[in-house]
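In: Whatever this is, show me its structure:
(2 chains)
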Amino acid sequence: MITADPKGVLTGSHYLDGDHAVAEGALAAGCRFFAGYPITPSTEVAERISARFPLVGGLFVQMEDELASMAAILGGAWGGAKSMSVTSGPGFSLMMENLGLGVMMEVPTVLVNVQRGGPSTGLPTLPAQADMMQARWGSHGDYEIIALSPSSPQECFDYTITCFNLSEKYRVPVLLMMDECVGHMTEKIVIPKAEEIEIEPRKWFKGSTEDYLPYKPDDDMVPWMVKVGDGFRFHTTGLTHDERGYPVMSAECQKDNVGRLVDKIRSRVDEIVILEEEEMEGADVVVVSYGISSRVAIPAVERARADGMKVGSLRLVTVWPFPENRIRELAGQVKAFVVPEINLGQICLEVERCAAGRAETILVPHAGGWVHDDEDIYQAIRGGAK
Amino acid sequence: MNEIRISGFGGQGVIRCGYIIGRIAALYDDKHATLTQSFGPEARGSACSAQILVDAEPIRYPYLTQPDTVVAMSQEAYDKFGSDLVEGGLLLIDEDLVKPTPSDRERRMYAIPSTRIAEELGNRIAGNIVMLGFFTAIAGIVSVDAARKALPSSVPERFIDLNLAAFEKGYEYGVELLAKEPAAPARPKKAARKAPVKKAAKKSDK
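Out: All right, here's what the predicted structure looks like:
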């Protein structure tokens, strides 16, 4: 780890909305290339970056659409920059193909989705958490991805930096799955000094140009990277490829190539996953939540505890990869999981899969357009505790 | 917890006013303050509002449920947002732009010609800051010291003097009005937020 470049760090206390906090997080993380297409409720991120990048030597490009935006940030990363784009549902759909290209080419980049109600154009100005499965499975083929979900402007800042660090460490596009409520909510955020912000540097190849194999994995299964224009001649492609980056159309190469893309994440889930746990000891019910829903669930959990129920709280900061082991472990100890989410049942399916019938899984659905009423979450906890 | 709604017509700076209230509370009064704004088809001239929750404790539910303080700077905003004020709540209006209903005259209502005062200072655009000063004096939610500290960095640099003057005018107006009308009904403590009782959450049936 190194520390942040002070040039991009707006140290101090600020009163910012989540979108603006993401922009500051990106700047602090060292992001200097942004390509995007405006879409509510994510536009404020791009707006702030367009104003701030010229001051730090960054490059902001407003693209013709989201397909091009996603492609451009992959190119930006190969050009040596830390890159990012930001969008919402309809744009996220358009980015799915090139997200897969990013996975296949192993590009460290960050894509922010400020979720709004869908499908299609849905509810542009209102919140949802209904793109969570799309985040995991939206592009075709087998792959693993990393996705985080913040619940406040402060977390938008902090976890944007985490997204960049994870993307560099694992060489995979990392998704920040926000929602309109968090994006447009203004609160105090504290930006630390640059020397207090840890930054994962790019995994630069140190050898000679003759020795470079772009997809030869290191011990951690992640290959070394070089910058376009530094004299290295190499090939990268969305086709299944060997260590040289050249297409090889065989089952064997597919197994090695895609197997490694999956394993570099899957074998290190415990390293990647960030969870916030509370009062798990002896809990009958565990509320599993993420993003804004985790915050709205707190009054319901506190009320249930005040009523004598034993309620634990498991907050998923990283939603993908899913903390399968932890849920399996808890399933043997608790009566029920309660999953509030602003969709009609997505992450609850993962909880249910891992609980495998050993504990009940209770969904607290919300079709989108607002956040949960804590009464609904409270009643689900009560139901699960019986 | 205080639940505040600042409303007016688009272009009056009501969102800015709400933002500054939140900023004062969060950065200079060391409280928690969450601001949300309605993102609808609002355009310059139509009713718009900013919502701010202020509390000593961290704020979980981010939206306004029932305001205890409503500021209305236009008739349309007053008509749209004036009625959801909690019983015994505080209503602040721009007296030239809002004609309150007779029943509201009985409420804990204070009026100020905020836009006119700003015009007298040379720019009606500062009407929102006159109202901010008035709000600071009457509502007692943010401290005047914190407001004075926060203000210079909350407005464009070339308008700092105008805004500081506007704030002080509004604040003085409020202090004098309170001295004249000390017998305003005491504000009842608002009961804890009661969520509407709904049927139990749906269980996953798989």
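
In: and the closest residue to residue A:358 other than its chain neighbours, what does it touch?
Out: Spatially, and ignoring its direct neighbours in sequence, residue A:358 is nearest to residue A:331 (4.2 Å; Cβ to Cβ, 6 or more residues apart in numbering or on different chains). Yep, even glycine has a C-beta here, placed from its N, CA and C like the rest. Residue A:331 sits next to A:337, A:354-356, A:358-359 when contact means Cβ atoms under 8 Å, 6 or more residues apart in numbering or on different chains.

In: List the buried residues in the strand or helix carrying residue B:170.
Out: Secondary structure from DSSP states H and E places residue B:170 in helix B:160-180. Neighbour-count burial for helix B:160-180 flags B:162-171, B:173-175, B:177 (criterion: 16 or more other Cβ atoms under 10 Å in any protein chain shown).

In: quick one: which two of the residues you listed are the most distant?
Out: B:162 and B:177 (22.5 Å; Cβ to Cβ).

In: What confidence value was assigned to residue 180?
Out: Unless you meant another one, I'm taking chain A. Each residue has a pLDDT score; the one for residue A:180 is 97.

In: not quite, I wanted chain B
Out: At residue B:180 the predicted local distance difference test score is 89.

In: Could you chop chain A up by domain?
Out: For chain A, the domain assignment from automatic domain parsing gives the residue ranges A:2-199, A:274-385.

In: on that earlier part again, whichever of the contacts of residue A:331 end up buried, select them in PyMOL.
Out: Here is the PyMOL command that selects the buried residues among those (16+ other Cβ under 10 Å):
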select buried, chain A and resi 337+354+355+359
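
In: Let's see which of the contacts of residue A:331 end up in helices.
Out: Assigned to helices by DSSP state H, the following of these qualify: A:354-355.

In: Quick check: the farthest pair among the contacts of residue A:331?
Out: When those are compared pair by pair using Cβ to Cβ, the farthest-apart members prove to be A:337 and A:356, with a separation of 11.7 Å.

In: What lies in contact with the helix holding residue B:170?
Out: Outside of helix B:160-180, the residues within contact range by Cβ under 8 Å, 6+ apart are B:110, B:112, B:114, B:117-118, B:121-123, B:126-127, B:129-138, B:144, B:147-148, B:151-152, B:155, B:184.

In: same thing but at 10 Å, please
Out: Surrounding helix B:160-180, the residues in contact under the criterion Cβ atoms under 10 Å, 6 or more residues apart in numbering or on different chains are B:20, B:92, B:110-114, B:117-118, B:120-123, B:125-140, B:144, B:147-148, B:151-156, B:159, B:184.

In: so can I have CSV of the buried residues of helix B:160-180 showing pLDDT?
Out: Formatted as CSV, the entries for the buried residues of helix B:160-180 read as follows, by pLDDT from 0 to 100:
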residue, pLDDT
B:162, 97
B:163, 97
B:164, 98
B:165, 98
B:166, 98
B:167, 98
B:168, 98
B:169, 98
B:170, 98
B:171, 98
B:173, 98
B:174, 98
B:175, 97
B:177, 96
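
In: so residue B:10 bridges to which residues?
Out: Listed by DSSP bridges, the beta-bridge partners for residue B:10 are residue B:44.

In: Check it and give its pLDDT.
Out: According to the model's per-residue confidence, residue B:10 sits at a pLDDT of 87.

In: Please apply the same query to the one 3 residues further on.
Out: Model confidence at residue B:13, expressed as pLDDT, equals 93.

In: Run the contact check for stretch A:332-341 versus chain B.
Out: Yes - with Cβ under 10 Å from any Cβ of the partner chain as the threshold, stretch A:332-341 lies in contact with chain B, specifically through A:336-340.

In: what's the span of that stretch from first residue to last?
Out: Stretch A:332-341 has an end-to-end distance of 23 Å (Cα to Cα, to the nearest Å).

In: Flag every buried residue along that stretch.
Out: Residues of stretch A:332-341 classed as buried under the neighbour-count rule (16+ other Cβ under 10 Å) are A:334, A:336-341.

In: mind showing which ranges of the chain have poor pLDDT?
Out: In the absence of a named chain, this looks at chain A. Flagging of chain A using pLDDT under 70 yields an empty set of residue ranges.

In: Let me rephrase: I mean chain B.
Out: B:39-44, B:104-106, B:182-206.

In: can we see that at 80?
Out: Per-residue confidence for chain B (pLDDT under 80) gives these ranges: B:38-45, B:103-107, B:181-206.

In: how about residue B:134, what does it touch?
Out: Under the criterion of Cβ under 10 Å, 6+ apart, the contact partners of residue B:134 comprise B:71, B:92-94, B:110-112, B:114, B:117, B:167, B:169-175, B:177.

In: Quickly list what's touching both of residue A:337 and residue A:356.
Out: Overlap between the neighbourhoods of residue A:337 and residue A:356 consists of A:327, A:331, taking contacts as Cβ under 10 Å, 6+ apart.

In: what about the helices in chain A?
Out: Secondary structure of chain A (DSSP H): helices at A:18-29, A:43-56, A:66-78, A:89-105, A:132-137, A:153-170, A:180-183, A:251-266, A:269-272, A:291-306, A:324-331, A:347-355, A:374-385.

In: Kindly list the main-chain dihedrals of residue A:235?
Out: phi -120, psi 140 (degrees, to the nearest 10).

In: For burial, what's the neighbour tally of it?
Out: By the criterion of other Cβ atoms under 10 Å in any protein chain shown, residue A:235 has 13 neighbours.

In: quick one: the strands in chain B?
Out: When assigned using DSSP state E, the strands of chain B occupy the ranges B:2-9, B:32-37, B:47-55, B:69-72, B:90-94, B:108-112.

In: okay, those, which one's buried deepest?
Out: For the strands of chain B, the stretch with the most neighbours on average is strand B:69-72, a mean of 28; neighbours defined as mean count of other Cβ atoms under 10 Å in any protein chain shown.

In: Show me what that one packs onto, helices and strands only.
Out: strand B:2-9, helix B:14-23, strand B:47-55, helix B:75-81, strand B:90-94, strand B:108-112, helix B:127-139 (3 or more Cβ pairs under 10 Å, 6 or more residues apart in numbering or on different chains; DSSP states H and E).

In: Please say whether there is contact between the second one and chain A.
Out: It refers to helix B:14-23. Yes - among the residues of helix B:14-23, B:15, B:18-20, B:22-23 lie within reach of chain A under Cβ under 10 Å from any Cβ.

In: ok so, going back, among the strands of chain B, which comes closest to residue A:316?
Out: strand B:32-37 (22.2 Å).

In: Show me how far the closest one is from its chain's centre.
Out: A distance of 12 Å separates the C-alpha centroid of strand B:32-37 from that of its chain, computed with Cα atoms, centre = their mean, to the nearest Å.

In: That strand close to chain A?
Out: Yes - Strand B:32-37 lies in contact with chain A when judged by Cβ under 10 Å from any Cβ; the contacting residues are B:32-37.

In: quick revisit: select, out of the helices of chain A, the one closest to residue A:228.
Out: With respect to residue A:228, and counting by Cβ to Cβ, the nearest of those is helix A:66-78 at 5.1 Å.

In: Taking helix A:43-56 as reference, get the angle to that closest one.
Out: Comparing the axes of helix A:66-78 and helix A:43-56 via axes from the mean of the first three to the mean of the last three Cα atoms, to 10 degrees yields an angle of 30 degrees.

In: Go ahead and measure how far helix A:66-78 is from the middle of the chain.
Out: Relative to where its chain is centred, helix A:66-78 has its mean C-alpha point 17 Å off (Cα atoms, centre = their mean).

In: again with stretch A:107-116
Out: On the basis of Cα atoms, centre = their mean, stretch A:107-116 is displaced by 7 Å from the centre of the chain it belongs to.
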